[in-house]
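> Sequence and predicted model, in that order:
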Amino acid sequence: MSHTAVLSLISRAAEGGGSGGGLLLGLEGMLVVFAGLVLLALFLPALRKMLERTTEPEAAQQPRGETTPVPPSDEEIAAVVCALHSHLAQIEQMERLHLTWGMYDKPYKPWRLAGRAEFMMGRQGVQARPRKRS
């Protein structure tokens, strides 16, 4: 189909009213969306170049590769060791707690309650005992 045939089809659908107006509205919406995407695709690389130009002076002020690493002080080393010890102790405590929980039987398991109910159903009811009165 040529472009003129498509345009004539759209114009006839728009003039006729009914569902043709929806077709025209849909095509206009698609045209707007694709035009926006094309503009965005063209604008993003230009925006990146503009941002790189504005950040270059700041990067040029800092010398590259000329900094020497500063060794950590004794206080910093002690702080790191304490933090690691605290973290590992917390993990170990959680593992011990989990093992402790696993050792104990949970009081209300559904299978255990079902077994008790069956046992109770099999027992005889409470029998009346004669009382001795003196």
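That came through fine. Numbers count the residues shown, from 1 in each chain.

> Could you list the domains of this protein?
Following automatic domain parsing, the chain resolves into domains at 1-61, 74-122.

> How about the secondary structure of Pro71?
With DSSP: H, G, I helix; E, B strand; the rest coil as the basis, Pro71 sits in coil.

> quick one: contacts for it?
Contact partners of Pro71, counting by C-beta atoms under 8 Å, 6 or more residues apart in numbering, are absent. (Glycine included, C-beta is placed from N, CA and C.)

> For Thr67, what are phi and psi?
phi -90, psi 140 (degrees, to the nearest 10).

> Model confidence for it, exactly?
Per-residue pLDDT puts Thr67 at 77.

> ok, it - how many residues close by?
A count of nearby residues for Thr67, using other C-beta atoms under 10 Å, gives 8.

> gap between it and Lys49?
Distance, Thr67 to Lys49, by C-beta to C-beta, to the nearest Å: 29 Å.

> go on, Leu31?
From Leu31 to Lys49 the distance is 29 Å (C-beta to C-beta).

> What is the one helix or strand Lys49 maps to packed up against?
Secondary-structure assignment from DSSP states H and E places Lys49 in helix 20-61. Contacts defined by 3 or more C-beta pairs under 8 Å, 6 or more residues apart in numbering; DSSP states H and E place helix 20-61 against helix 3-16.

> Would you mind checking the average pLDDT for the helix it packs on?
On average, helix 3-16 scores 65.

> Can you name every helix or strand that the helix or strand where Val81 lies contacts?
According to DSSP H and E, Val81 maps onto helix 74-103. Under the contact definition 3+ C-beta pairs under 8 Å, 6+ apart, helix 74-103 sits against no other helix or strand.

> Next one: Val81 from Gln93, what distance?
As for Val81, its distance to Gln93 is 19 Å (criterion: C-beta to C-beta).

> what does Val70 give?
Distance, Val70 to Gln93, using C-beta to C-beta: 35 Å.

> Compare those two and say which one has the larger neighbour count.
A count of neighbours by other C-beta under 10 Å puts Gln93 above the other of Val70 and Gln93, at 10 against 6.
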